[in-house]
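Engineer: Next come a sequence and a model predicted from it.
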Amino acid sequence: MTEVPPSRYKVVERDRRLVVIDTLTGQPASAPGPIVPPDRQLAPDRPITETEPRRIDDRSGAQVLTTSPLYDLKAPRRIVMGDRFNDRIGKAIGGWLIGLFFAFSIAFLFFPWLIVVPFVLALQPKLRAAIRQWITARLDDVERG
């Protein structure tokens, strides 16, 4: 059997690009194409900011809550969820969730038509406004520290 002859071409990396080299001449086998800069155009009406909001505060290492206009009148704002936040808001949310779970369970078992009531109440603009004001006040307390 005969051996396979060595290849005439080899591939090397130059300037972070792969280039095919002709081993007989030592020159590139083809001309490299132009380097296209990445397309990074920002909309003219948007200010230049971080591409994605950070989820962790650099100073404390705690997570950051970005509020929504759905429940916060001063949204969007970023609140560091440190120990104070967990003491005030975390316990309250846990209590409300447990209470709502039991209320829905009892309503579903004994009064199935009562399950519709929270959804009807959620459509009332005055009640929604009052709930948003209450949540905004709690978030202000936590933010003031």
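Structural biologist: Thanks, I have it. Numbering: from 1, shown residues only.

Engineer: Helices along the protein, start to end?
Structural biologist: Remark: helices assigned in the chain by DSSP state H are 83-85, 91-110, 116-122, 125-144.

Engineer: Which positions in stretch 9-24 come out as buried?
Structural biologist: Judged by neighbour count (16 or more other CB atoms under 10 Å), stretch 9-24 contains these buried residues: residue 21. (Glycine included, C-beta is placed from N, CA and C.)

Engineer: Render the CA-only coordinates of that stretch in CSV, please.
Structural biologist: Below are the C-alpha coordinates for stretch 9-24, written out as CSV (Å, rounded to 0.1, in the frame of the first residue of the first chain):
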residue,chain,number,x,y,z
TYR,A,9,-3.4,23.2,1.9
LYS,A,10,-3.4,23.9,5.6
VAL,A,11,-5.8,26.0,7.8
VAL,A,12,-4.3,28.5,10.2
GLU,A,13,-5.7,31.3,12.4
ARG,A,14,-4.6,34.9,11.7
ASP,A,15,-6.2,37.9,13.4
ARG,A,16,-8.9,35.7,14.9
ARG,A,17,-9.9,34.4,11.5
LEU,A,18,-9.3,31.1,9.8
VAL,A,19,-7.2,31.3,6.6
VAL,A,20,-6.4,28.6,4.1
ILE,A,21,-2.7,28.6,3.2
ASP,A,22,-1.2,27.0,0.1
THR,A,23,1.9,25.1,1.3
LEU,A,24,3.7,25.3,-2.0
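
Engineer: Run the chain-centre distance for it.
Structural biologist: 41 Å (CA atoms, centre = their mean, to the nearest Å).

Engineer: try stretch 129-145
Structural biologist: That offset, for stretch 129-145, works out to 23 Å (CA atoms, centre = their mean).

Engineer: would you put the C-alpha positions of it in CSV?
Structural biologist: This file holds the C-alpha atoms of stretch 129-145, laid out as CSV (Å, rounded to 0.1, in the frame of the first residue of the first chain):
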residue,chain,number,x,y,z
ALA,A,129,-56.6,52.2,43.0
ALA,A,130,-56.8,51.7,46.8
ILE,A,131,-54.8,48.5,46.6
ARG,A,132,-52.1,50.2,44.4
GLN,A,133,-51.9,53.1,46.9
TRP,A,134,-51.5,50.7,49.8
ILE,A,135,-48.8,48.7,48.1
THR,A,136,-47.0,51.9,47.0
ALA,A,137,-47.0,53.2,50.6
ARG,A,138,-45.5,49.9,51.8
LEU,A,139,-42.8,50.0,49.1
ASP,A,140,-42.0,53.7,50.1
ASP,A,141,-41.5,52.6,53.7
VAL,A,142,-39.1,50.0,52.7
GLU,A,143,-37.3,52.2,50.3
ARG,A,144,-36.8,55.0,52.8
GLY,A,145,-35.2,52.6,55.2
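
Engineer: Right, I'll leave it there.
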